[in-house]
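Participant: give the three-dimensional model of this entry:
(chains A and B)
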Amino acid sequence: MEPTDYDIDETDLELPAEPMRLNMGPSHPAMHGTIRMVLELDGESVEKVDVQLGYLHRGFEKMCERGTWAQVFPYTDRLNYVSPILNNVGYALAVEKLAGIVVPERCQYYRVILGELARISDHLTCNGAMAMELGAFTPFLWIMKGREHIWDLLEEETGARLTHSFFRIGGVAKPPRPELKARVREVVDAVLLILDESEKLLLKNRIFVDRLQGVGHITAAEAVQYGFTGTVLRATGVAYDVRKAHPYLVYDRMEFDVPVGTDGDNWDRFMCRLYEIRQSCRILAQACEQMPDDGPVNVERPEIVLPEKEAVYKTIEGTIQHFKLVMEGALIPAGEVYSYTEAGNGELGFFIVSDGSGTPYRVRVRPPCVFTLQGFPRMIRGHMVADIVPTFGSVNMIGGECDR
Amino acid sequence: MSKAVLEHLQAKFGAKILETSSAFGDDCAVVEPSAWHEIALFLRDDPACDMSMFIDITAVDYPNRDRRFDVILFLYSLHKKHRIRLKTRLFHETDARKHGEATPTEVPTVCDVWLAANWFEREVWDMFGVRFTGHPDLRRLLLYEEFQGHPLRKDYPVQKTQPLVPYREGPDVMGKLPPFGDDEGLAFTRKDWLPKTSKWDADS
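Facilitator: Purely as a prediction, here's the structure:
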């Protein structure tokens, strides 16, 4: 048969094309929280993205400047609201660095245990939501079941499921319960079982794998240029984990690996999170073994740590101490420090400035997910509109932390 | 930890480094605003410093000081694992004129040194009103463009109510603004549920 297109001039066939503007969000089911993207499309592929944030801006940094140092804790809960404990710990460590406090060993282990639980719940939520956005609803519910185990345990320990506000400057609100270790082991086993099951549901699913592999790719050099930290950076092959590079609390005594990816695409980010959950479980097992069963959880600094309720009600010294701490706040020596920890999304830094009074002069939080969001247009350029959903899911943008 | 970097900087830039400190183990160098970009570039490219990673940029407002704003840049070296804090002090717009200083509240951008600086300089502009000269896209980041004032300045009245934003007028790019008004665009429903001759129509 003769070819049918021999006399057709290709240039005549070109249809006039102009980029199409599409507004995605701020209220969009796949825009975790509220975020707006103005897309410029060529056909169905994304040419340019303008990410606009701030719809959830609450003035975190301004609010911190009006109360006492301890009153910042509830605000930090609402930064990354999937792993509030990690934010609590990050802020507490920053203030303690400024005040020259090292909390007792038992409290350090307690912080590590609750923090790793929160990290697991963070990664589970991210991976589960990512699967759900690609239509896999069963694994999502399955994974949420695992998160529920963790939140139950956190509720038993702290009294709250989501906004714990549990750690204090120089210690912790309540000492760990005697059944903590047994419960942690129980929960870790349950989570690992659920993880295995949900992996079976997802990892061999052709559709799921195709939507993730090779999509949202970014190179290690670009990731570093954009200041990525956490899982998104590690997925590109850079093994930077604050817990390993600059160990804080008792992470230097823990044996764990830092999973890294090779391609920096959605699949690597997804898998890195899966492996990190397993590493967190390893840390939890070791922490439960090493944690002393008794001993103080708060430092002996009456000018900073609230007294026991018993003393407040029965002694005049306790009453005065309590009154001063509540009304004036703990007086943190003047100076400025930057303290950083590994949160669910990456390096969560607190830069705090004190003028020596009971009120923070300035609290600046380094939000890790803003960095990843800033590099998001680079990740998605050239991909389809539909690829935005899994890619955006894999960078784990948390509105509370992003917009502050 | 990175005392060496501070000494290295001082040896290289001399009088442009105003002071250095290592309080709480955080190394910090205060530099002239004019040398800001030059030093940033040096810190990134010099093999002994190798500050490959931009960590953060922020500002602090000290209204009682002559040079009112501290702009602080946080850097980290992935390979050498050291950190440094670069700080510069800026005048308020009005004070700069009073002191006969030509540099108002602005500092050169470091966007071209680290891509990541882009949004965070926008945020500093948004919150403190510190301008970054040479920034490619200095819009507000978290707040909206009609917002009045810069809220993280200490003299921003916290109780202040922002004015209502009028409907944004803009050019109708390529005739693609969504249709508004009663008789434009798609109908709410494909079907008229009420017959045209209902008593409601007759009344009106």
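Participant: what's across from A:G349 in the sheet?
Facilitator: A:Y340, A:R366 (DSSP bridges).
Participant: keeping just the C-alphas, turn the helix or strand harbouring A:H149 into PDB.
Facilitator: Using DSSP states H and E, A:H149 sits in helix A:137-158. Output in PDB follows, covering the C-alpha atoms of helix A:137-158 (Å, rounded to 0.1, in the frame of the first residue of the first chain):
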ATOM      1  CA  PHE A 137      -7.900   2.900  49.000                       C
ATOM      2  CA  THR A 138      -7.400  -0.400  50.800                       C
ATOM      3  CA  PRO A 139      -3.700   0.100  51.500                       C
ATOM      4  CA  PHE A 140      -4.500   3.500  52.800                       C
ATOM      5  CA  LEU A 141      -7.000   2.200  55.300                       C
ATOM      6  CA  TRP A 142      -4.600  -0.600  56.200                       C
ATOM      7  CA  ILE A 143      -1.800   1.800  56.800                       C
ATOM      8  CA  MET A 144      -4.000   4.100  58.800                       C
ATOM      9  CA  LYS A 145      -4.700   1.100  61.000                       C
ATOM     10  CA  GLY A 146      -1.000   1.000  61.800                       C
ATOM     11  CA  ARG A 147      -1.000   4.700  62.500                       C
ATOM     12  CA  GLU A 148      -3.900   4.200  64.800                       C
ATOM     13  CA  HIS A 149      -1.800   1.800  66.900                       C
ATOM     14  CA  ILE A 150       0.800   4.400  67.300                       C
ATOM     15  CA  TRP A 151      -1.600   7.200  68.100                       C
ATOM     16  CA  ASP A 152      -3.200   4.900  70.700                       C
ATOM     17  CA  LEU A 153       0.100   4.500  72.400                       C
ATOM     18  CA  LEU A 154       0.900   8.200  72.200                       C
ATOM     19  CA  GLU A 155      -2.500   8.900  73.700                       C
ATOM     20  CA  GLU A 156      -1.800   6.600  76.600                       C
ATOM     21  CA  GLU A 157       1.500   8.200  77.200                       C
ATOM     22  CA  THR A 158       0.800  11.900  76.600                       C
END
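Participant: show me how far that helix is from its chain's centre.
Facilitator: Here helix A:137-158 is found 16 Å from its chain centre; the criterion is Cα atoms, centre = their mean, to the nearest Å.
Participant: from the contact counts, what lies against that helix?
Facilitator: Helix A:137-158 makes packing contacts with helix A:105-133, helix A:180-202 when contacts are defined by 3 or more Cβ pairs under 8 Å, 6 or more residues apart in numbering or on different chains; DSSP states H and E. Bear in mind the C-beta positions are built from the backbone N, C-alpha and C, glycine included.
Participant: please identify the most buried of those helices.
Facilitator: Among the helices and strands packed on helix A:137-158, helix A:105-133 has the highest mean neighbour count (mean count of other Cβ atoms under 10 Å in any protein chain shown), at a mean of 25.
Participant: between it and helix A:180-202, how many degrees?
Facilitator: An angle of 20 degrees separates the directions of helix A:105-133 and helix A:180-202 when computed by axes from the mean of the first three to the mean of the last three Cα atoms, to 10 degrees.
Participant: average pLDDT for helix A:105-133?
Facilitator: Averaged across helix A:105-133, the pLDDT comes to 90.
Participant: so it versus helix A:137-158, what angle?
Facilitator: For helix A:105-133 against helix A:137-158, the angle by the same axes, to 10 degrees is 160 degrees.
Participant: packing partners for helix A:105-133?
Facilitator: Using 3+ Cβ pairs under 8 Å, 6+ apart, helix A:105-133 sits against helix A:84-99, helix A:137-158, strand A:171-172, helix A:180-202, helix A:266-290, helix A:385-394.
Participant: show the contacting residues for the closest residue to A:W267 other than its chain neighbours.
Facilitator: With Cβ to Cβ, 6 or more residues apart in numbering or on different chains as the measure, A:L212 is the residue that lies nearest to A:W267, at 4.0 Å, once sequence neighbours are left out. A:L212 makes contact with A:265-267, A:270, A:390, A:394 under the criterion Cβ atoms under 8 Å, 6 or more residues apart in numbering or on different chains.
Participant: list the buried ones in the helix holding A:H149?
Facilitator: A:139-140, A:142-147, A:149-151, A:153-154, A:157-158 (16 or more other Cβ atoms under 10 Å in any protein chain shown).
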